[in-house]
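[1] sequence first, then the predicted structure, then my questions.
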Amino acid sequence: MLKRSKRYIESKKIFDNKKKYGVKEAVKLLKTFKSAKFEESVEIAMKLGIDPKQSDQLVRGSVSLPKGIGKSLKVIVFAGGEQAAIAKKAGADEVGAEELVKKVEGGWLDFDVAIATSEMMKLVGKLGRVLGPQGKMPSPKSGTVTDDIGTAVKEFKAGKIEYRTDPGGNVHAIVGKVAFREEDLEENITMFVKHIINSRPASAKGIFLQKIAISSTMSPGILLEV
């Protein structure tokens, strides 16, 4: 049985965990929870009405939230020649071609986002077994396979986030920090929910948004009105 901290238990007493709250009220509640000893992120979890076994119903992509997520992501780029120079100038943490592929193939995963030029995918493709389970495999759908390398690096360094449905049909994402202003968290959450709604697969049947909850890194989840 999972043992919860005293702080978690105290936070759970503040609200009704079966009630669904509006975004504004939920954010206000979240910020009343006793904080941890580190800067907590605010996370959103969404249960979608899809069949995750059907490839045409998977939801995957990337989005830049209006207020960012409060951290700079570590970005690597698979590129060569002029594109490599552009990536470095844009702020990529590490850039390379065959040598970078070998480094990752050897188990190095100390980065948040991997971006690749379309030309490099013939080399990067073999990293699927390493990067796939980590959710870090470059993909055109998430904007991480592109020839506009400069823009992609700048956007992800600024906090553009990737998301993808898990085997249970859920989407998880960071939408800011607890220290953000309430208005900024509300704006990020609202935009992310709208973005997911607009990403509904054409083949998905029935109710698409089934359950939404927000939480901080160490807090219980607060259900949102769908």
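    Okay, I see it. This structure is a prediction, so every number in the text was calculated from the model and none was measured.
[2] other SSEs contacting the single longest helix found in the chain?
    Among the segments of the chain that qualify as a helix by DSSP state H, the longest is helix 182-198. Contact analysis of helix 182-198 by 3 or more CB pairs under 8 Å, 6 or more residues apart in numbering; DSSP states H and E lists helix 23-30, strand 41-48, strand 60-63, strand 170-177, strand 209-216 as its packing neighbours. Where C-beta positions appear, they are placed from N, C-alpha and C, glycine not excepted.
[3] among those, which comes closest to Ile76?
    strand 60-63 (15.7 Å; CB to CB).
[4] partners of the closest one, with directions?
    strand 161-164 (antiparallel) (DSSP bridges).
[5] before we move on, back to that, which of the helices and strands packed on helix 182-198 comes out lowest on mean pLDDT?
    For these, mean pLDDT drops lowest on strand 60-63, to a mean of 91.
[6] do you know which of the helices and strands packed on helix 182-198 lies nearest Ile14?
    Going by CB to CB, the one of these nearest Ile14 is helix 23-30, 6.6 Å.
[7] what is the closest one packed up against?
    Checking 3+ CB pairs under 8 Å, 6+ apart, helix 23-30 ends up next to helix 182-198, strand 209-216, strand 222-223.
[8] low-confidence ranges in the protein?
    1-2 (pLDDT under 70).
[9] let me see the domain layout of it.
    Per automatic domain parsing, the domain ranges recorded for the chain read 16-67+162-223, 75-158.
[10] want to throw the ones you listed into TSV with distance to Ile9?
    As requested, the domains of the chain are exported to TSV (distance: least, CB to CB, whole Å):
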stretch	distance to Ile9
domain 16-67+162-223	9
domain 75-158	31
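[11] possible to save the ones you listed as TSV with mean neighbour count and distance to Ser5?
    Output for the domains of the chain, formatted as TSV (neighbours: other CB atoms under 10 Å; distance: least, CB to CB, whole Å):
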stretch	mean neighbour count	distance to Ser5
domain 16-67+162-223	17	7
domain 75-158	18	27
